[in-house]
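**Student:** Got a predicted structure here, sequence first:
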Amino acid sequence: MPTPTAFFQGEFIPMENAKIGIMTHAFNYGTAVFEGIRGNWNHSQEQLYLFRPREHIERLRQSAKIMRMQLNYSDDELVKITHELALKNGYTEDVYIRPMVYKSSEAVGVRMHDLEDDFLLFVTPFGAYLDTEIGARCMTSSWRRIDDTMIPARAKVNGLYVNNAMAKTEAQLNGFDEAIMLNVDGHISEGSGENIVMIKGGTIITPPPQDNILEGITLETVLSVAQKDLNLPIVRRSIDRSELYIAEEVLMTGTAAHVTPVTEVDRVPVGSGKPGPISKKLQDTYFQIVTGELADYQDWVDPIYPK
């Protein structure tokens, strides 16, 4: 097995040597932005497929811009580095790739300006985040999703994720699998790490960006498949909490969670209390896409190992 390798301070080095100092600004204040890229292992092909890495890099750049950070690599360079790192690590299982732009200066003081920026990248084995077959039991969190006037909701800011972590822990300590967070206006925003999709009357309904969602890459994938393959209409509008109780189906989408049906919200069964037919169809197509099985969607996946 190859030595676990990271990209750190402009070079590929053993993961065990990729260290930051305890005074690093990002460590002290959460002044960093990140992405999560899935690598999905196809056993029959003996191939690792990265799912939409370019779109993740583009979103990383947007997050960095919002946070006044300089990313000193082009998108092409970052995609190439990501491919090379995945190849160097040689994993034959599902992986999670974490690119990050961070304030690397060793300095004390709350600010975003007059600080150095750097980029790092690592990869780690990563299996199922939620049970995609059984589905997820969710609760509405008492923790509200941050507003864009507090921390930019469209950016994946490291420090922001304390908000998500509190919601996730609250849910799991109360016996649920995942949290659903409301925005400050009381509308459905998202899960602790997933977008929310509701299915009602054969229509796909999902919260709009102004409800402080992270504009999900997996979400857009699922919406595209729903429209193209299932011919389902898409509506982006605010969703009330109680609408989830009477929805025909609810599902969560995200890099970590993939496509996970929601079977229960606040102890109220969603539909029959089991994954619904549309959720299953979307899920089946999605897993075929991310493992490189569907020719129509080959441009969304990048094979890593030469054949």
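**Tutor:** Ah, there it is.
**Student:** Could you list the low-confidence segments of this protein?
**Tutor:** Scanning the chain for pLDDT under 70 picks out no residues.
**Student:** just the helices in it please.
**Tutor:** According to DSSP state H, the chain carries its helices in the segments 25-29, 53-66, 75-89, 161-173, 217-228, 241-245, 277-290.
**Student:** got a markdown table for the ones you listed, with distance to Glu190 and mean neighbour count too?
**Tutor:** All C-beta spots, glycine's among them, are computed from the backbone N, C-alpha and C. Below are those laid out as a markdown table (distance: least, C-beta to C-beta, whole Å; neighbours: other C-beta atoms under 10 Å):
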| stretch | distance to Glu190 | mean neighbour count |
| --- | --- | --- |
| helix 25-29 | 24 | 19 |
| helix 53-66 | 15 | 20 |
| helix 75-89 | 25 | 17 |
| helix 161-173 | 9 | 17 |
| helix 217-228 | 9 | 19 |
| helix 241-245 | 13 | 16 |
| helix 277-290 | 17 | 19 |
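**Student:** Among those, which comes closest to Arg154?
**Tutor:** Closest to Arg154 of those, according to C-beta to C-beta: helix 53-66, at 6.7 Å.
**Student:** ok, back up a step: export the helices of the chain to TSV and append columns for distance to Ile151.
**Tutor:** Listed next are these as TSV, based on distance: least, C-beta to C-beta, whole Å:
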stretch	distance to Ile151
helix 25-29	12
helix 53-66	10
helix 75-89	24
helix 161-173	8
helix 217-228	20
helix 241-245	23
helix 277-290	30
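**Student:** The closest residue to Leu160 other than its chain neighbours and Gly39: what is the separation?
**Tutor:** For Leu160, ignoring the flanking residues on the chain, the nearest one in space by C-beta to C-beta, 6 or more residues apart in numbering is Ile151 at 4.8 Å. Going from Ile151 to Gly39 by C-beta to C-beta, to the nearest Å gives 29 Å.
**Student:** The two - which one has more neighbours?
**Tutor:** Gly39 (25 against 18; other C-beta atoms under 10 Å).
**Student:** Tell me which residues touch that one, please.
**Tutor:** Leu48, Tyr49, Leu50, Phe51, Ala86, Tyr91, Asp94, Val95, Tyr96, Ile97, Val123, Ile304 (C-beta atoms under 8 Å, 6 or more residues apart in numbering).
**Student:** With respect to Ala155, which of these is nearest?
**Tutor:** Closest to Ala155, out of all of the contacts of Gly39 and judged by C-beta to C-beta, is Ile97, at 18.7 Å.
**Student:** now Gly273: how far from Val265?
**Tutor:** Distance, Gly273 to Val265, by C-beta to C-beta: 11 Å.
**Student:** neighbour-wise, which of these two wins?
**Tutor:** Taking other C-beta under 10 Å, Gly273 and Val265 do not tie; Val265 has more neighbours (23 against 12).
**Student:** Now do the contacts for the more buried one.
**Tutor:** Taking C-beta under 8 Å, 6+ apart, one finds Cys138, Met139, Thr140, Ile180, Leu244, Tyr245, Val250 in contact with Val265.
**Student:** my guess is Tyr245 contacts Asp266, does it?
**Tutor:** Yes - the pair Tyr245 / Asp266 is scored as a contact, 7.4 Å apart, by C-beta atoms under 8 Å.
**Student:** Perfect, I'm done here.
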